[in-house]
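>>> Got a predicted model here, sequence first, then my questions.
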Amino acid sequence: MAAVQQLLVSPSPAPASVPSQRITSQSAESGSMDVDGSAGNDPVMIDSGLMKGAPQTGDARIVVIVYGQGQDSVVSVFAEVLGKPVKLKQHFKDVDREDEGFVIGLPLGDAKHDVEERDQQLLVAINAHCLMAKSRTFFISTTFPDVHAALPNLDILTVGADAVEIRVDLLREPKGDGAFSDIPSLSYVGQQVMLLRQRTELPIIFTTRCTNENGKFPMDKPDLYYEYLYRAVQWGVEYIDVELWLPEHIRKKLYEKRGNSRIMSAFHDFSGTFKWPSQYAQDVFVKSKQYADIVKMIAIINDHNENFELEYFRSKIKAEYPDAPPLSAVNMGEIGQFSRTLNTVFSPITHPLLPIIAAPGQMSTAEINGALALLGQLPKKYFYGISSAAARNIAPRAPFYEKCFNELGLPHQFAVVERQHNNPAGIQAWCNQRDFGGAYLDPGLSYQTIMRHNPWFATLQNGKGPILSEAAQGIGIIDTIVVKPAASGLNATPPSQYDGTLPPGGQPGLTSNTSLVFDNASWRGILSTLTRDLAPSAYFDRTAVVLALTADDAAPVFFALKALKMSKIYTVGFRTPSTLARNAPPIEQFISMESLQRARSVADNRAPFVIISALGRGKSNIVGMLLRVFGEADPEASSNTKKVFLNLAEAASHQKNDPVAVAEQSGFTAYDAADVAAFTTVESLRLLVGQNVPYSFVRLASGRNLF
Ligand SMILES: O=C1C[C@@](O)(C(=O)O)C[C@@H](O)[C@@H]1O
């Protein structure tokens, strides 16, 4: 059980605004860039509808799109949406005032060299080459003959996975006479894909593995592959596995017609004679990259040293083809398992609950993490949940962390630290440790409050202080402290500055090569809850009501509503400070019954569509009243999308005036704080340990099944 410890007591000052600071590029070497926004909502998916940091209305800066190899067409997509012409350039330094009115495309390979020197007043950079946003990505190769069999365990199966592979060649379609068709029909495959689609938030990889490469799809009719793979593109499947042996005209056509899907070129060599240092291996890569967004190369080896040859191949490819698509390469068999722990791009994984492993030597995430820990590649870190007792009552998050660490085989230790309400001091003591891994704050605290009461943070980065993520900057509330390896040469913080109690096993003094990022995960929890059952576009240009006692409570809500491009926010219970208003849609405070009536009487799509309340139990009368005012006159009669209510306060079920019950009676779809907490946990796990955990696993871990 997690330890609960006490922080020092001291009063909380009033919140204030946050100075402007941005995350800068730190990982050019890995091919990734932290720019002003990523087109990826998910680490491995493009979701241009919800671009973090994308320019918003009123932002007159030049939009610069950084694209990966073969992705230059994505620049025109952005340009079309923004209604501007395109110019392609090489480096950030080439962008100047003359480019105003254009959307500029820069190739990743060149752009990463001067990304840090970019003029942020002049331009806003968006990273469309988002695959590498996460330092390690995994996909789970499901091997079920029927997806139905996977569903009961899908939440657990996909813990730690960034995508889920459906092995179409392994599906077995019953013919009705007890036999199975040789290959599953397209309609059966379609049903199976849709079943999976409905039950996982993860991107899907659609694979028709051929008989020569450990699969079951026949090789005598290559056109069959086109038929199935192109259909998957039409279904909107995120990743299409295209084998390299297929005739070039098929690979080319699929690549050209891939739409929003990504092509994963796949090459397997089972001969046992494949050699990574050979010219042939390089030729395979060059041939693969021509029509690919990701290149996958997998071989059987005979000697452990060949794992090192693969590592050399990997680094050579990176050096010689800097603009090429990312390479996912592993060796098969037990002897090749070492390479499976070292590959960082879309490593194939299995799980003990799968009927068979998809390839010899496949490992689970827990096994890979265990091996990395043994090799010293995944050192044990201490993570903290710094929370108030009240917050833990609303939604206890610690058990999720413990379960996730267990399920993922992570060597880390997690402890809950009790912070008394209104007590912002002492946080630094938990962070200024050699093995600090990260922390979440529940509830979050304003940047100014943390800094005022924890002076050690100001000493980070040679006195520059912690790095602020864009969300933390916009919201002003910090709820996640992430440890990031520094770009270079940061000073060690002398242990003498440590001024608190040591956690169990902890050693004072944050290591010199690390810096801290202050982030906010709650806004994403709110956004994910609002878009769980509705597309983001359902909120576009509609209006919202936000009820809260303080602007701090409302700040992450505002950020989420801004991302949804809502047109107006009505507020109840607090004044919106100018810093928050600057980052939000137009705001009107309900100050009288008249203003409320006005909002009610406006045309349908201008009347409030979503109501979000952070008011506690004592105020549920007000919430109930607004829900009735803005609810449907006849909740049963409405055939349109239902309005949405989100209760961020402690659930008051079994109580009179429970807002969720009132909302449902008034025709709203209602969500509560536990939904947001689960999505926030998903986001904070991503930020803190770089692991993807499905929302439904978090709910499952809390003992509530969704389905
Ligand atoms: O390409 C791959 C990788 C794999 O072959 C492996 O070695 O783990 C497993 C396959 O399911 C997947 O399509």
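Now that the structure is in, tell me what you want to look at.
>>> Next one: the residue lying closest to Asp114 once chain neighbours are set aside relative to Asn692, how far apart?
Of all residues not flanking Asp114 in the chain, Phe92 sits nearest, at 4.7 Å (C-beta to C-beta, 6 or more residues apart in numbering). C-beta coordinates here come from the backbone N, C-alpha and C atoms, glycine included. Distance, Phe92 to Asn692, by C-beta to C-beta, to the nearest Å: 31 Å.
>>> And for Tyr440?
17 Å.
>>> Counting neighbours, go ahead and name the busier of those two.
When neighbours are counted by other C-beta atoms under 10 Å, Tyr440 and Asn692 differ, and Tyr440 comes out ahead with 28 against 25.
>>> mind listing what Ile450 touches?
With contact taken as C-beta atoms under 8 Å, 6 or more residues apart in numbering, Ile450 is in contact with Pro424, Ile427, Phe457, Ile478, Phe518.
>>> For the ligand, state which of those residues is nearest.
Using C-beta to the nearest ligand atom, Phe518 is the member of those that sits closest to the ligand, with 38.0 Å.
>>> before we move on, the earlier item: just list the residues touching the residue nearest to Asp114, thanks.
Contacts of Phe92 (C-beta under 8 Å, 6+ apart): Val64, Leu106, Ala111, Asp114, Val115, Glu117, Arg118, Asp119, Leu123, Ala125.
>>> so what pLDDT did it get?
If you check Phe92, the pLDDT there is 90.
>>> from now on call the first residue 663
Done: numbering now begins at 663, and the last item shifts to Phe754.
>>> Is Val1145 in a helix, a strand, or coil?
strand (DSSP: H, G, I helix; E, B strand; the rest coil).
>>> In this structure it contacts Ala1101, no?
No: taking contacts as C-beta atoms under 8 Å, Val1145 lies outside contact range of Ala1101: 9.2 Å.
>>> how about the residues of the stretch 663-812 of the chain that lie near the ligand?
Applying C-beta under 6 Å from any ligand atom, we find that the stretch 663-812 of the chain lies next to the ligand at Ser803.
>>> count of neighbours near the residue of the stretch 663-812 of the chain found nearest the ligand?
Distances between the stretch 663-812 of the chain and the ligand by C-beta to the nearest ligand atom are smallest at Ser803, namely 3.5 Å. By the criterion of other C-beta under 10 Å, Ser803 has 23 neighbours.
>>> Which element, helix or strand, includes it?
strand 800-804 (DSSP states H and E).
>>> That strand pairs with which strands?
strand 825-829 (parallel), strand 1009-1012 (parallel) (DSSP bridges).
>>> SS state for Leu1016?
Applying three-state DSSP: Leu1016 is coil.
>>> quick one: it from the ligand, how far?
Distance, Leu1016 to the ligand, by C-beta to the nearest ligand atom, to the nearest Å: 11 Å.
>>> Please name the residues that touch that residue.
Residues in contact with Leu1016, defined by C-beta under 8 Å, 6+ apart, are Ser803, Thr804, Thr805, Phe806, Leu819.
>>> And it, how close does it get to Ser1108?
Leu1016 is 46 Å from Ser1108, by C-beta to C-beta.
>>> Next: Lys919.
50 Å.
>>> what about the two, which has more around it?
Set Lys919 next to Ser1108 and count neighbours by other C-beta under 10 Å: Ser1108 wins out with 24 against 13.
>>> related to what we said a few turns ago, next step: the contacts of Ile1112 restricted to strands.
If you go by DSSP state E, the contacts of Ile1112 have Ile1140, Phe1180 in strands.
>>> Pick out whichever of the contacts of Ile1112 sits closest to Leu744.
Minimum distance to Leu744 across the contacts of Ile1112 is 30.4 Å, recorded for Phe1180 (C-beta to C-beta).
>>> what is the nearest residue to the closest one once chain neighbours are set aside paired to in the beta sheet?
Of all residues not flanking Phe1180 in the chain, Ile1140 sits nearest, at 4.4 Å (C-beta to C-beta, 6+ apart). For Ile1140, the beta-bridge partners under DSSP bridges are Leu1107.
>>> wait, is Trp1195 part of a helix?
Rather than Trp, residue 1195 is Asp. No: counting by three-state DSSP, Asp1195 is located in no helix; its state is coil.
>>> Apart from its neighbours in sequence, what residue is nearest it?
Thr1331 (6.7 Å).
>>> Tell me if I'm right that that neighbour and Asn1309 touch.
No: under the criterion of C-beta under 8 Å, Thr1331 is not in contact with Asn1309, lying 11.9 Å apart.
>>> if you count what's nearby, which of these two comes out ahead?
Legend: neighbour count by other C-beta under 10 Å for Thr1331 and Asn1309, higher for Asn1309 (28 against 17).
>>> What's the per-residue pLDDT of that one here?
On the pLDDT scale, Asn1309 gets 93.
>>> quick check: domain ranges of this protein?
695-789, 800-1036, 1044-1182, 1187-1333 (automatic domain parsing).
>>> Rebuild the contacts of Leu1016 as CSV, extending it with pLDDT.
CSV is the format used below for the contacts of Leu1016 (pLDDT from 0 to 100):
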residue, pLDDT
Ser803, 95
Thr804, 94
Thr805, 94
Phe806, 94
Leu819, 92
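>>> List only buried entries from the residues you listed.
Buried subset of the contacts of Leu1016 (neighbour count, 16 or more other C-beta atoms under 10 Å): Ser803, Thr804, Thr805, Phe806, Leu819.
>>> Can you name the residues bridging to the nearest residue to Val1144 once chain neighbours are set aside?
Nearest non-adjacent residue to Val1144, counting by C-beta to C-beta, 6+ apart: Val1179, 4.2 Å away. Residues in a beta bridge with Val1179, per DSSP bridges, are Ile1129, Val1144.
>>> Regarding the closest residue to the ligand within the stretch 1163-1312 of the chain, what is its secondary structure?
Across the stretch 1163-1312 of the chain, no residue is closer to the ligand than Ser1190, which sits at 28.7 Å (C-beta to the nearest ligand atom). Secondary structure state of Ser1190, per three-state DSSP, is helix.
>>> How many residues are close by the spatially closest residue to it that is not a sequence neighbour?
Excluding the flanking residues, the one nearest Ser1190 by C-beta to C-beta, 6+ apart is Phe1341, at 3.8 Å. Other residues lying near Phe1341 total 25 when counted by other C-beta under 10 Å.
>>> wait, what's in contact with Phe1341?
Neighbouring residues of Phe1341 by C-beta under 8 Å, 6+ apart: Arg1186, Gly1187, Ile1188, Ser1190, Thr1191, Arg1194, Tyr1357, Val1360.
>>> same thing with Pro1041?
If you count contacts by C-beta under 8 Å, 6+ apart, then Pro1041 has Ala1035, Pro1073, Asp1097 around it.
>>> now the last one: how far from Cys1066?
The span separating Asp1097 from Cys1066 equals 19 Å under the rule C-beta to C-beta.
>>> helix or strand for Asp903, which one?
strand 901-905.
>>> which parts of the stretch 963-1112 of the chain sit against the ligand?
Met994, Pro1010, Ala1020, Ala1021, Gln1024.
>>> mind putting those residues in TSV, secondary structure included?
Listed next are these as TSV, based on three-state DSSP:
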residue	secondary structure
Met994	strand
Pro1010	strand
Ala1020	coil
Ala1021	coil
Gln1024	coil
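>>> Give me the spatial nearest neighbour of Pro939, chain neighbours excluded.
Glu971 (5.4 Å).
>>> next one: Leu1223
Ala1206 (5.4 Å).
>>> Val1351 now?
Leu1072 is the one closest to Val1351 (C-beta to C-beta, 6+ apart), at 6.5 Å.
>>> how close does the nearest residue to Gln1075 once chain neighbours are set aside get to Asp1097?
Distance criterion C-beta to C-beta, 6+ apart; nearest residue to Gln1075, sequence neighbours excluded, is Tyr1044 at 5.3 Å. Distance of Tyr1044 to Asp1097, given as C-beta to C-beta: 5 Å.
>>> what does Phe1076 give?
In terms of C-beta to C-beta, Phe1076 sits 13 Å off from Asp1097.
>>> what do you get for Phe970?
29 Å.
>>> Between these two, which has more neighbouring residues?
Comparing Phe970 with Asp1097 by other C-beta under 10 Å, the one with more neighbours is Asp1097, at 19 against 14.
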